[in-house]
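Participant: any chance you could fold what I've pasted below:
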Amino acid sequence: MTKNDSGSGTSVDAAKVEQVLQTETGGRALVGPAAAILFIIPVCWSLFQLWIASPLPFILNFGIFNSTEARSIHLAFAVFLAFSAFPMIKGVHDTKVPIYDWILAAAAAAAASYLYVFYDQLAQRPGAPITQDLWVALGGLVLLLEATRRALGLPLTVVAAVFIGYSLAGPYMPDVISHKGVSLNKLASHQWLGTEGVFGVALGVSTSFVFLFVLFGALLERAGAGNYFIKVAYAMLGHMKGGPAKAAVVSSGLSGVISGSSIANVVTTGTFTIPLMKRVGFPATKAGAVEVAASTNGQLTPPIMGAAAFLMVEYVGISYLEVIKHAILPALISYVALVYIVHLEACKLNMQGIERLNRPTLAQRMLNWVVVLLGLFALTAVVYYGIGWTKEYLGSAAIWVLGSALLLSYIALVGYATKFPELEVDDPEKEMGELPEVGPTVKTGLYYLLPVVVLVWCLTVERFSPQLSAFWATLFMVFIVVTQRPLKAFFRKHGGLIGEFVGGISDLFHSLATGGRNMVGIGVATATAGIVVGTVTLTGIGLVMTQFVEFLSGGNLLLMLMFTAVISLVLGMGLPTTANYIVVSTLMAPVIVTLGAQNGLLVPLIAVHLFVFYFGILADDTPPVGLAAYAAAAISGADPIRTGVQGFTYDIRTAILPFMFIFNTQLLLIGLTGWFDLLVTIASAVTAMLVFSAATQGFWFTRTRWWETIALLLITFALFRPGFFWDMVYPPHEEVRGAAIMEYVETAPKDEEVVFRVSGMSLDGSDVTTYVQLDMPAGETGAERLAAAGLEVSELDGALAVDFVNFGSPAEKAGIQFGWTIEAVQAKLDRPPRELVFIPALLLLGFVAYGQLRRKAKEEAQTQPA
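Facilitator: As a prediction, this is how the structure comes out:
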């Protein structure tokens, strides 16, 4: 492929794409018996994961594995495939597996499965390992590090090795991070023989949740859903200015349902979208950058947000539905802004859309959109309320009625799809003069939406666990993969039903193999990241990090957030998003929450975890390492560094969001008072992001001047964080002390969040002053309400002394300790709504728009022929 930035069509370098893709699915291209083994093992892994997720073990009372045993077997599969699928040295033994790799694979699998095989014996000697245990543990750690190096490269391996070294060399570290050190025996036992290290929460999430979602994506892709989403996006958006690039954004967002990997998204959707963007005039660098920006954001998009989102469920202690709720608005405005950025780029280059077959009139287009929107609302209402009604009145029979309705809907939609031509996979070499019609394109794959409906229904309505929800959705996807081919042949009356059924079975097994191969990197990454988590619990570095970061940031929360963002970006250049999230959130999330509280800002834990999550994802396109940028450059033919830089400029809009929702948690739908408040939040956030996009792109209706850019940035800040300016004029609260504390507690509305300033001695012996938040239960007096929250207090020198804290009470969970003092309470003040700041901001926006429109009209008049 020629490396240039022209808009001419060029062929995709298939070898480069395949090389990039191998980093996701394995580094060897094998034939013969070795290929068969590397097909059978991932299939067995997938079947094992389906088995432990299903209700069958408990129904049959057979094959029941506890969480530790399941993690052990899960890791055994992962490390075996890491040694057999990835060569020791890239480029050496790419087409065969040497005997020493088979030996290493078997040894690693044996070490990983040790906890399963000897589970009963290990349970009888906790903390007292025998020599055999220690040798297996040490060997397992070494083999895990090598498996990680092969599958993911050196960075994560080096990070884990550094933390192991830190555990052993604690007394020799600088004073600020020193500790008493641990013995080799203690290290091996803690990291390998229990659930504090390698076999901890991270690997548990990979075992229970993540594998099934990756398998779900592999099944969808094999069934043809990936190509369907791309085609639908192009049919609907390709006629607009920069339409192919807008369609790339939408299709990559939809592919986020299929793949939790930025690199996999780039490679699968990019082979179609990047050449097409170049064909309609996008420079190669910008074509690749748009795909990179869209693909990295795919992991932010609910309902499936990559492995790290499932880890949040465990680390934050909330349901997956809550994670989706908090993440949905930032993901929405991020994607809307990217579509708008593409529109601005197209306007700069004066692009036109691609001609559509049988171009509809304006009235027809409006009618189509209205019908689509009404259809979606109607479908949502029918599903939500209709199924709710059947569950209420049919009782236990509802599942059979609903299952039958789902089956009939699937058969009917497949039959309906056969009335239209099959969608062809786009050929990048072929000129695209016209776009397909929207209607027939959409109708060919409506049945692909049914498994997603099942997944969302199980998560949101039935409130099943992510594991069980993914199981039922995956099971239905298995049914689709096996039956869609013979059903289509039946409806088209082509005959050969047996052959098509066999083809469906073949597709299923290939999907199972692909799902297993795609999980190798995630499996070893979560296990190796567990070493970091184990080190934190083993050495107490978590408490040390609070002091260290406070020293570096001077206690300034904004500096601390910037410090955390930089750490996430730097680590993310070499670590997968999942491992990066585990490392940074383990070290930094508690620090941000603690120091924020000490500075009077109570940051919800989910906000901090999403902050780390966002910057870990952004690392995929951050130069000089951004792997997604390299994948896009392999397709576009542009320079990977320039592609990464351009992609990061597009993703600046995503980079400001975490800072905004830390200080304005309404962006995470936290603290909203009703529907009107929700609509105002959505409207202001979307407007702010669009304005910010125009400011960073230097173009709105026409090219912006420097003062206009400053004005647009000021408007963005006012819309995102109106409280910053409003609090200067109208303080939100005042601190009351002494007897007024109890008076305020007594009169506060039931379940209102009351913020106290407390002080006392922390566990490490230092004096602490911080803010805590408590929901006030009902009660006759202030003392009764505090007692219901878990506190017994007495008056002491104009403050309240904490005499007792009930274990497990809200007060104990908030961090209040025995012997501390409640110095003050934040009494809320009546003030006008802070949203009034929007009025001057929007007036300034109108003034900038008026100036730009006048200037644009003059420019157009000057270019018109006389």
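
Participant: the nearest residue in space to Leu690 that is not next to it in sequence: which element?
Facilitator: Nearest residue to Leu690 in three dimensions, chain neighbours excluded: Tyr340, at 5.3 Å (Cβ to Cβ, 6 or more residues apart in numbering). Every C-beta, even on glycine, is put in place using the N, C-alpha and C of the backbone. Tyr340 is part of helix 320-348, with elements assigned from DSSP states H and E.

Participant: go on, Val755?
Facilitator: Counting by DSSP H and E, the element that carries Val755 is strand 753-761.

Participant: list the contacts of Val92.
Facilitator: Neighbouring residues of Val92 by Cβ atoms under 8 Å, 6 or more residues apart in numbering: there are none.

Participant: can you check the pLDDT for it?
Facilitator: The model reports Val92 with a pLDDT of 73.

Participant: same deal with Ala824?
Facilitator: The model reports Ala824 with a pLDDT of 85.

Participant: double-check that it belongs to a strand.
Facilitator: Yes. For Ala824, which was evaluated using DSSP: H, G, I helix; E, B strand; the rest coil, the result is membership in a strand.

Participant: burial count for it?
Facilitator: Ala824 has 22 neighbouring residues, counting by other Cβ atoms under 10 Å.

Participant: quick check: it touching Glu735?
Facilitator: Yes. Proximity of Ala824 to Glu735 meets the contact threshold set by Cβ atoms under 8 Å, at 4.2 Å.

Participant: what do these two both touch?
Facilitator: Both Ala824 and Glu735 are contacted by Arg757, under the criterion Cβ under 8 Å, 6+ apart.

Participant: which stretches of the chain form strands?
Facilitator: When assigned using DSSP state E, the strands of the chain occupy the ranges 355-356, 434-435, 733-736, 753-761, 767-775, 791-796, 799-805, 821-828.

Participant: redo those strands as JSON lines? Include distance to Gly851.
Facilitator: Below are the strands of the chain laid out as JSON lines (distance: least, Cβ to Cβ, whole Å):
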{"stretch": "strand 355-356", "distance to Gly851": "35"}
{"stretch": "strand 434-435", "distance to Gly851": "36"}
{"stretch": "strand 733-736", "distance to Gly851": "40"}
{"stretch": "strand 753-761", "distance to Gly851": "44"}
{"stretch": "strand 767-775", "distance to Gly851": "44"}
{"stretch": "strand 791-796", "distance to Gly851": "58"}
{"stretch": "strand 799-805", "distance to Gly851": "56"}
{"stretch": "strand 821-828", "distance to Gly851": "41"}
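
Participant: quick revisit: report the buried residues of the helix holding Tyr340.
Facilitator: For helix 320-348, burial by neighbour count (16 or more other Cβ atoms under 10 Å) applies to 320-321, 323-347.

Participant: quick check: end-to-end length of stretch 659-675?
Facilitator: Taking Cα to Cα, to the nearest Å as the measure, stretch 659-675 stretches 25 Å from start to finish.

Participant: now do that stretch, average pLDDT.
Facilitator: On average, the pLDDT along stretch 659-675 is 83.

Participant: can you list contacts of it?
Facilitator: The set of residues external to stretch 659-675 that reach it, using Cβ under 8 Å, 6+ apart, is 325-330, 558, 561, 601, 603-604, 606-608, 610-611, 657, 677-678, 681, 685, 720-724.

Participant: just for the stretch 501-650 of the chain, where's the confidence low?
Facilitator: Within the stretch 501-650 of the chain, the stretches with pLDDT under 70 are 542-543, 545-547, 555, 570-577, 620-627.

Participant: do the same with the stretch 101-250 of the chain
Facilitator: Using pLDDT under 70, the stretch 101-250 of the chain drops low at 244.

Participant: which residue is the nearest non-sequential neighbour of Ser684?
Facilitator: Spatial nearest neighbour of Ser684, excluding adjacent residues (Cβ to Cβ, 6+ apart): Leu719 at 4.8 Å.

Participant: ok, Pro658 next?
Facilitator: Once its chain neighbours are removed from consideration, Pro658 has its nearest residue in Phe611; the separation is 4.1 Å (Cβ to Cβ, 6+ apart).
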